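J.: When you get a sec, could you give me coordinates for this:
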Amino acid sequence: MIKTVDITLANRRPRLDDRPIEKRIGLIILATDHTTEADFQRMVASERIGVYASRIHYANPTTPENLLKMQPSLTAGAGLILPDERLDAIMYSCTSASVVIGDGEIEKAIATAKPGVPVVTPTAASVAALKAFGARRISILTPYVAETGRPMAEYFTRLGFEIDRFTCLGFTDDREMARIAPKEIEALAVEAMAPASDALFISCTALRAANVAGAIEKKIGKPVVSSNLATAWACLRLCGDEEARPDIARLMTLPYPGR
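T.: Purely as a prediction, here's the structure:
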């Protein structure tokens, strides 16, 4: 026989904080993404800053046509992150898709679900990072095939950068891109850097490049900007975190433009 337990209702309701965590960053990431959440947990999340992710459908191969297909999912993906609650920033984690969809179109799609929330894309954040360094001539390393890399080269050229060297690794599956060993990325980055360039940009949120950005900088003697490093930097600064963290990379010592 089960003994009956007396259940009592507390005589007062506990006080509620405005938020469980002071600052909130939303991530819209691909269903196939292995890297972004881990990078943001390492570089961004803290007792003060919470990171909340929503995944949207994506099917390889990584071609401009497939990347463009994600655009209709952005509004729904943003709306699923803490519905009806305000975020301090929301980041769409795909660099090549940000190029083919367009930073402005991504902002519009996300604003439909989260009006008034600052939107961060890997492309816009990386441009801000390169400009914060005063870089004009750059080298670019991507894991993509040339078909996917070409729109990216046009994107940076259109924004006034001179590209000294653009290296593609020829991958079409972002799950394989995520498995490229950080030491391999480090070696490839050294090879991809043209001596005359002011900085190196390593594209793709799947790559574990942020893990070795500081090590690459020591080898090439120039600033390194990677997709996840740039978005983490932007999100931290948008949350008012100005802490310098040179152990990660030089970028983490700089202020965010307009802040």
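J.: From the contact counts, what lies against the lowest-mean-pLDDT helix or strand in the chain?
T.: Every helix and strand of the chain was ranked by mean pLDDT, DSSP states H and E. The lowest is helix 64-68, at a mean of 88. Packed against helix 64-68 by the contact rule (3 or more CB pairs under 8 Å, 6 or more residues apart in numbering; DSSP states H and E) you find helix 95-101, helix 146-158. (C-beta placed from N, C-alpha, C; glycine too.)
J.: Please enumerate the strands of the stretch 101-250 of the chain.
T.: Applying DSSP state E, counting those that start in this stretch to the stretch 101-250 of the chain gives strands spanning 119-120, 137-142, 162-168, 199-202, 224-226.
J.: List the neighbouring strands of the shortest one plus their orientation.
T.: Strand 119-120 has the following sheet partners, assigned by DSSP bridges: strand 89-92 (parallel).
J.: got a list of contacts for the partner strand?
T.: 25-28, 74, 78, 81, 98, 106, 110, 114, 117-122, 125, 231, 234-235, 238-239 (CB atoms under 8 Å, 6 or more residues apart in numbering).
J.: Return the most buried member of the helices and strands packed on helix 64-68.
T.: Most buried of those, by mean neighbour count (mean count of other CB atoms under 10 Å): helix 95-101, with a mean of 25.
J.: re earlier: Asp33: which of the helices and strands packed on helix 64-68 is closest?
T.: helix 95-101 (11.6 Å; CB to CB).
J.: Please compute how far that closest one lies from its chain's middle.
T.: 12 Å (CA atoms, centre = their mean, to the nearest Å).
J.: elements contacting it?
T.: With contacts taken as 3+ CB pairs under 8 Å, 6+ apart, helix 95-101 sits against helix 64-68, helix 122-132, helix 146-158.
J.: Going by contacts, tell me the helices and strands next to the second one.
T.: Taking 3+ CB pairs under 8 Å, 6+ apart as the contact definition, the neighbouring helices and strands of helix 122-132 are strand 89-92, helix 95-101, strand 199-202, strand 224-226, helix 227-238.
J.: Can you say which of the helices and strands packed on helix 95-101 is nearest to Gly221?
T.: Of all these, it is helix 122-132 that lies closest to Gly221, at 16.4 Å by CB to CB.
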